[in-house]
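Chemist: How does the following fold in three dimensions:
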Amino acid sequence: MEYEQIQVECHSGYKANEYPVAFTFQGHRWEVSEILDRWYEGGIKSNDPVIDYFKVKTAEGRVFLLRYLRLFDSWTVRV
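Modeler: A predicted model of the protein is given here:
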């Protein structure tokens, strides 16, 4: 499974980068119309980084898996 780094526009509510609202991938800006699923891993031990996952549907109907690594404030998309 490979991930490519992307730029993401997020909603920030009670925490920063709460969920994605749009992202740029392959030179195209994709607007998120729906979050189909979300989960996280890590954080159980103090040295485990927390990674948030978002399965999103775009306005064009495409489905992408986005991943946010909080430790590095870094977003990637599964390719």
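
Chemist: How about stretch 37-46, which residues are buried there?
Modeler: Buried positions in stretch 37-46, judged by neighbour count with 16 or more other C-beta atoms under 10 Å: none. The C-beta positions use only the backbone N, C-alpha and C, and glycine is treated the same way.

Chemist: now that stretch, how far from the centre of its chain.
Modeler: The chain centroid and the centroid of stretch 37-46 are separated by 13 Å, computed with C-alpha atoms, centre = their mean, to the nearest Å.

Chemist: which residue packs closest to the spatially most central residue of the chain, ignoring adjacent ones?
Modeler: Nearest to the mean C-alpha position of the chain, by C-alpha atoms, centre = their mean, lies Leu66 at 3.5 Å. The shortest distance from Leu66 to any non-neighbouring residue, by C-beta to C-beta, 6 or more residues apart in numbering, is to Phe54 (4.6 Å).

Chemist: Neighbours of that neighbour, how many?
Modeler: Counted by other C-beta atoms under 10 Å, the residues lying close to Phe54 total 22.

Chemist: For the chain, which segments count as strands?
Modeler: Assigned by DSSP state E, the chain shows strands spanning 3-11, 19-25, 28-41, 51-58, 63-69, 74-78.

Chemist: Any chance of a markdown table for the ones you listed, columns mean pLDDT?
Modeler: Listed next are those as a markdown table, based on pLDDT from 0 to 100:
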| stretch | mean pLDDT |
| --- | --- |
| strand 3-11 | 97 |
| strand 19-25 | 97 |
| strand 28-41 | 97 |
| strand 51-58 | 97 |
| strand 63-69 | 97 |
| strand 74-78 | 97 |
